[in-house]
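Engineer: Sequence and predicted structure below; questions after.
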Amino acid sequence: MIETKNLTFRYGPEAPEMRFPDLDCAAGERLLLLGSSGAGKTTLLHLLSGLLRPSSGQIHVDHTPFSTLSDRALDRFRGERIGVVFQRAHFVESLTVLENLALPAFLTGGRPDPERAEAMLAALGVGHKASSKPRDLSVGEQQRASIARALIHRPSVVLADEPTSALDDRSTEAVIGLLEAQAAEAGATLVIVTHDSRLKDRYPNRVELQTLATP
């Protein structure tokens with residue numbers, strides 16, 4: 001489902017080159033990408049989601065090589081097959097939570113499913129906020145709504161960036177449980193990118209990033 005090989009990235013001609021370990025994660029599996037600050041975790045997540053193009057190497061997601069896709073085709077592929085839970089929620093503030101959940105369908109030419117959106121919000125404990133604007137949600141409620149938005153279109157792959165970085169133990173257990181349950185319901189591969197060592201023992205399938213930077 002997710003496979004990378006000889007992946008490197010450089011932010012500019014004078015920037016150091018980042019090298020990433022090869023990944024191989026089958027459909028429906030869970031993978032933890034663990035690393036300290038500066039190890040390139042978010043960069044790798046952006047590469048896996050198609051938000052960045054690698055300097056070299058190959059990325060295959062759902063049997064599709066990213067290198068064969070134009071920028072427009074990659075945007076569409078991401079909108080249809082990939083769900084991303086960012087470390088900080090990114091919502092269109094002028095829209096309600098329910099309208100924000102409809103955006104992935106609009107952007108890919110699909111048809112919004114408000115019943116599914118309302119059911120997902122309810123399952124995540126924020127159903128009562130469906131008609132609210134994002135600014136009216138607490139940080140925790142925004143995070144739960146972000147999970148719903150990432151999964152609303154039944155993606156093949158869910159990528160979560162530091163979903164527990166600011167949470168206590170109880171909240172961490174709740175959020176990770178929700179992510180796992182919702183990804184399983186969608187039949188999606190779940191990849192969590194984090195520096196949170198509390199998750200280390202939870203996932204036997206894990207890769208610790210030791211990115212090598214060279215001039």
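Structural biologist: Received it, and whenever you're ready, just let me know what you need. Numbers count the residues shown, from 1 in each chain.
Engineer: Residue 146: what's it in contact with?
Structural biologist: Contacts for residue 146 (Cβ atoms under 8 Å, 6 or more residues apart in numbering) come out as 85, 86, 89. Yep, even glycine has a C-beta here, placed from its N, CA and C like the rest.
Engineer: Most neighbours out of the residues you listed, which is it?
Structural biologist: Among the contacts of residue 146, residue 85 has the most neighbours (other Cβ atoms under 10 Å), with 24 neighbours.
Engineer: beta partners of that residue?
Structural biologist: Beta-bridge partners recorded for residue 85 (DSSP bridges): residue 160.
Engineer: name the element residue 163 belongs to?
Structural biologist: Using DSSP states H and E, residue 163 sits within no helix or strand.
Engineer: need the contacts of residue 146 in TSV with distance to residue 156 and pLDDT, can you?
Structural biologist: Shown next, in TSV, are the contacts of residue 146 (distance: Cβ to Cβ, whole Å; pLDDT from 0 to 100):
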residue	distance to residue 156	pLDDT
85	15	89
86	18	85
89	22	79
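Engineer: can you give me the helices in this protein?
Structural biologist: For the chain, applying DSSP state H gives helices covering 41-48, 71-81, 97-107, 114-123, 139-151, 169-186.
Engineer: how about JSON lines for the contacts of residue 146, with distance to residue 99 added?
Structural biologist: Formatted as JSON lines, those follow (distance: Cβ to Cβ, whole Å):
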{"residue": "85", "distance to residue 99": "19"}
{"residue": "86", "distance to residue 99": "18"}
{"residue": "89", "distance to residue 99": "15"}
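Engineer: Among these, pick out the one closest to residue 203, please.
Structural biologist: For the contacts of residue 146, the minimum distance to residue 203 (Cβ to Cβ) is 16.0 Å, reached by residue 85.
Engineer: what bits of the chain have low per-residue confidence?
Structural biologist: 166, 211-215 (pLDDT under 70).
Engineer: Could you rerun that using 80?
Structural biologist: The model of the chain has pLDDT under 80 over residues 37-38, 87-89, 104, 106-110, 165-168, 171, 182, 210-215.
Engineer: Do I have it right that residue 136 meets residue 129?
Structural biologist: Yes. Applying Cβ atoms under 8 Å, one finds residue 136 in contact with residue 129, separated by 7.2 Å.
Engineer: neighbour-wise, which of these two wins?
Structural biologist: For residue 136 versus residue 129, neighbours defined as other Cβ under 10 Å are more numerous around residue 129 (21 against 12).
Engineer: can you pull the contacts of that one?
Structural biologist: Residue 129 neighbours (Cβ under 8 Å, 6+ apart): 97, 121, 136, 137, 141, 145.
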